[in-house]
Every structure is written in structure tokens, then in C-alpha cells.
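A.B. asks: Based on what follows, work out the 3D shape:
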Amino acid sequence: MKKFSTYGFSGINIKKDIAERFRAFSKEISKSHSETLEAMLNFFKWNNLNPNDNLGVKTDATKKRINALIAIVRNIEKQQTLPTKAMLDTLFQEMNKVDEEEKEVERFDFGTPETLSRDTELEHYKKRYDQMQQQLSSYQNKTQRLLEHLTYVKGTFGKGYYKLDMQKDELEELQKELNNVHHHHRS
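C.D. replies: Just a heads-up that it's a prediction; the model follows:
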């Protein structure tokens, strides 16, 4: 009560049903009727509104505000939403192309493998084993030939070393053969 005693109060005559509506509204908005009435007056003043104004689209000020909002939304749509949507559409189209290419790769059929009898399979592996044995023997012979051309030279001031006593043509031929070794082993 001390707070209100510093203010001067005046009475206003209001119809009873309107006063009841105001009291109910005032309880929702603030602690006192004065604060509620002040908030309502401030609202009208700050928003440049008159309580008798129609808040529909009929006033020029409201039309201008709505048109400004529409322009802002269209600008956002044009500058941000549509380009982003276009980029996403492009991305999804590329993803669909990749998916289709993967499906085409998956559709490739290697055919049904030929079933081999046990004897045929054993014969295949035996032939392959014999080929590998021949290649191994050939490489052993080439290595032995290379080792036969090595001679040990005793160093005058340090360790000794091996010297390869072979013609340049022979060495190049041996290098060609050894470079082609990995081509002999096919899976």
C-alpha cells in the first residue's frame, strides 16, 4: 500500500460488464489495473495504432508492412532457398547416376563357372606344378651361371669384394630375363 500511496488516483466510470472484463484481463497481464492500462496505452502508442483502427489489410500502413514482409520472404527465397535447393537437386541427381552405374556394374554376369571333376582339377594342378618346377630349375641354372662369373678380390686397404667377370651383353640378357620373371606367374 505504501507504493500506491505516493501516487494520486482518480476514478473513471466504466460500464459494469466492461469493468469485469478489464479486471479479468488485468489479472492475466499484471499486478494492478494501472499497470495493465499503461501497458495497453504503450502498445497502441509504440505500434502507431488506434483502438478504432481495423487491423485487417485495409489500412495503408498495414499493407506496407505486409508487402515489406512478402518482399523479404521472396528475397530470402530467391537468394538462399532456391540456390540451395538447386545445389541439393544437382547433388541428388549425381547420386542417382552413381547408383545407376553401380547397378549396371552389379548386373554384369560372369556366367556360371565350369565345374571340374576331381581328376581334371588334379591334372590342372599337376601341370602347373611341373611348370613351376621347370621355371625354378631355370632360375637356379641362371643363378649358378652368374655365381660362376664371380671372383673374389682381396682389398688392399679394407675388406675384399666380389667382381663380376661377365660380358656386358650377357649381363643385359640376364637382366631382361629376370625382369620378366613376374610375368610368368599368372593367377
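
A.B. asks: So Glu50: helix, strand or coil?
C.D. replies: Small correction: residue 50 is Asn, not Glu. Here Asn50 is coil, with the state taken from DSSP: H, G, I helix; E, B strand; the rest coil.

A.B. asks: next one: the helix ranked longest in the chain to chain centre, how far?
C.D. replies: When the chain is parsed with DSSP state H, its longest helix is helix 118-148. With C-alpha atoms, centre = their mean, to the nearest Å as the basis, helix 118-148 stands 52 Å off its chain's centre.

A.B. asks: Quickly find the element holding the residue nearest the centre of the chain.
C.D. replies: Geometric centre of the chain, nearest residue: Leu91, 10.9 Å, by C-alpha atoms, centre = their mean. Secondary structure assignment for Leu91, by DSSP states H and E: helix 82-107.

A.B. asks: model confidence over that helix, on average?
C.D. replies: Averaged across helix 82-107, pLDDT comes to 79.

A.B. asks: List the buried residues for it?
C.D. replies: When neighbours are counted by 16 or more other C-beta atoms under 10 Å, no buried residue of helix 82-107 is found. Quick note: C-beta positions are derived from backbone N, CA and C, even for glycine.

A.B. asks: what helices or strands is that helix leaning on?
C.D. replies: In terms of contacts (3 or more C-beta pairs under 8 Å, 6 or more residues apart in numbering; DSSP states H and E), helix 82-107 is packed against no helix or strand at all.

A.B. asks: Point out where the protein drops to low pLDDT.
C.D. replies: Filtered on pLDDT under 70, the chain yields the residue ranges 1-7, 54-59, 104-110, 180-187.

A.B. asks: Against Lys142, how distant is Asp99?
C.D. replies: 53 Å (C-beta to C-beta, to the nearest Å).

A.B. asks: ditto for Asn48
C.D. replies: Remark: distance between Asn48 and Lys142 (C-beta to C-beta) = 103 Å.

A.B. asks: the more surrounded of the two?
C.D. replies: Lys142 (14 against 8; other C-beta atoms under 10 Å).

A.B. asks: check contacts around that one.
C.D. replies: Neighbouring residues of Lys142 by C-beta atoms under 8 Å, 6 or more residues apart in numbering: Leu174, Glu177, Leu178.

A.B. asks: I would like a ChimeraX command selecting only the buried ones among those, please.
C.D. replies: Only the buried entries of the contacts of Lys142 go into this ChimeraX selection, using 16+ other C-beta under 10 Å:
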select :174
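
A.B. asks: So which of the contacts of Lys142 sit within helices?
C.D. replies: Applying DSSP H to these, the entries found in helices are Leu174, Glu177, Leu178.
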